[in-house]
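# Fold the following, please.
(chains A and B)
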Amino acid sequence: RKEVEQDPGPFNVPEGATVAFNCTYSNSASQSFFWYRQDCRKEPKLLMSVYSSGNEDGRFTAQLNRASQYISLLIRDSKLSDSATYLCVVNKRTGNQFYFGTGTSLTVIP
Amino acid sequence: SQTIHQWPATLVQPVGSPLSLECTVEGTSNPNLYWYRQAAGRGLQLLFYSVGIGQISSEVPQNLSASRPQDRQFILSSKKLLLSDSGFYLCAWSWTGSHLSLANYGYTFGSGTRLTVV
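Below you'll find the model as predicted:
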C-alpha cells in the first residue's frame, strides 16, 4: 500500500466553483501534513500546512481527519490561476522524511 | 532569508555517462537535505536524505549516490547513467530541531534539474 494516495483527477471546473480534494495516508503515526502546489514543469511549492483543528487561508481550507487517516483541501471561488497539480504530503513519525502523493490535477475553465 | 540553489536546470546526457548535480542552501545552518526524483507523469520519489555532513540515507536501491561534503551542499551522482534515470530531480531542505518548525514550514524545493538520458 502506498504511503499517500490521491485521486489523480483531472478535475475540470468553471471559474467561481468550489472544488475539494481528498488524500489518504497509511501511517497512523504520521504527524505533519501539507498541501503543495506544483505548476507544470516547476518545483512544488508549499500551499499550506494542515493542522489537527483545520485551518483556512483565504479561499483555501485544509482539514485533517486522523480517525479515518485522510486530509482534504477545499478551494472556494476558483480562479484561473488555481490551475495546477496539488500534492498531498505526509511525514513519517520518526525522522524527517516526507512522502508525496502523485498529485491531483486541477484545471479551472473560463 | 533562506534560499536554495540547484543546477543545471536542464541536462541531456548519453547512456553510460557520469552525472553530478549540485544543490546549495544559503541562510541557514545544519539543514536537512533531500534529493527527490519525479518521473514523467508520476509522483515524487525520495532518493536520499541527509541530516548532517557525511550522513546519507538512501531510500531506494539504484545506481545513484549522494554526498554531503559541506553543511549546506548536497550532491547527487552517478557513475553510469541509465535510460531509466531520466526525470525531474529536485533538491529540498527543511529545518531540523523542533517538530513545530517542520510542521509549519515543511520542505522548500530548489527549481529542479530536468535530466534526459539518451
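# so which residue of chain B comes closest to chain A?
residue B:43 (3.6 Å; Cβ to the nearest Cβ). Where C-beta positions appear, they are placed from N, C-alpha and C, glycine not excepted.
# residues in chain B within reach of chain A, list them.
B:32, B:34, B:36, B:42-44, B:46, B:49, B:51, B:59, B:88, B:90, B:94, B:96, B:99, B:102-112, B:114 (Cβ under 8 Å from any Cβ of the partner chain).
# Now for the residue in chain A positioned nearest to chain B: which residues touch it?
For chain A and chain B, the shortest gap (Cβ to the nearest Cβ) falls at residue A:102, measuring 3.6 Å. Residues in contact with residue A:102 (Cβ atoms under 8 Å, 6 or more residues apart in numbering or on different chains) are A:6, A:8, A:87, B:42, B:43.
# Count the neighbours of the first one for me.
Number of residues near residue A:6 (other Cβ atoms under 10 Å in any protein chain shown) recorded here: 22.
# pLDDT value on the closest residue to it other than its chain neighbours, please?
Closest residue to residue A:6 apart from its sequence neighbours, by Cβ to Cβ, 6 or more residues apart in numbering or on different chains: residue A:101 at 3.8 Å. Turning to residue A:101, the model gives it a pLDDT of 91.
# likewise the one 4 residues further on?
As summarised for this prediction, residue A:105 has a pLDDT of 95.
# quick one, what contacts it?
A:8, A:9, A:10, A:11, A:85.
# same check, this time on residue B:72
Counting by Cβ under 8 Å, 6+ apart, residue B:72 has contacts B:24, B:25, B:26, B:28, B:29, B:31.
# Each with direction, which strands does the strand or helix carrying residue B:76 pair with?
In the assignment (DSSP states H and E), residue B:76 maps to strand B:73-78. Paired with strand B:73-78 in the same sheet, following DSSP bridges, are strand B:19-26 (antiparallel), strand B:64-70 (antiparallel).
# Just name the most buried of these.
strand B:19-26 (a mean of 18; mean count of other Cβ atoms under 10 Å in any protein chain shown).
# Only alpha carbons, please: show that strand as CSV.
Output in CSV follows, covering the C-alpha atoms of strand B:19-26 (Å, rounded to 0.1, in the frame of the first residue of the first chain):
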residue,chain,number,x,y,z
LEU,B,19,26.3,12.6,-13.6
SER,B,20,26.8,15.3,-11.0
LEU,B,21,24.0,17.5,-9.8
GLU,B,22,24.7,20.1,-7.1
CYS,B,23,22.5,21.8,-4.6
THR,B,24,23.4,24.5,-2.1
VAL,B,25,21.4,26.2,0.6
GLU,B,26,22.0,29.7,2.0
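# Could you tell me which of the residues of chain B next to chain A count as buried?
B:32, B:34, B:36, B:43-44, B:46, B:49, B:88, B:90, B:94, B:102-103, B:106-110, B:112 (16 or more other Cβ atoms under 10 Å in any protein chain shown).
# give me the number of residues near the residue nearest to residue A:6?
27.
# same check, this time on residue B:13
Neighbours of residue B:13 (other Cβ under 10 Å): 16.
# Might one say that residue B:117 is in contact with residue B:80?
No - here residue B:117 does not reach residue B:80: they are 10.3 Å apart, not a contact under Cβ atoms under 8 Å.
# The two: which is more packed in?
Neighbour totals were compared for residue B:117 and residue B:80, and residue B:117 leads with 19 against 11 (other Cβ under 10 Å).
# Could I get the contacting residues of that one?
B:13, B:14, B:15, B:81, B:82, B:83, B:84, B:85, B:86.
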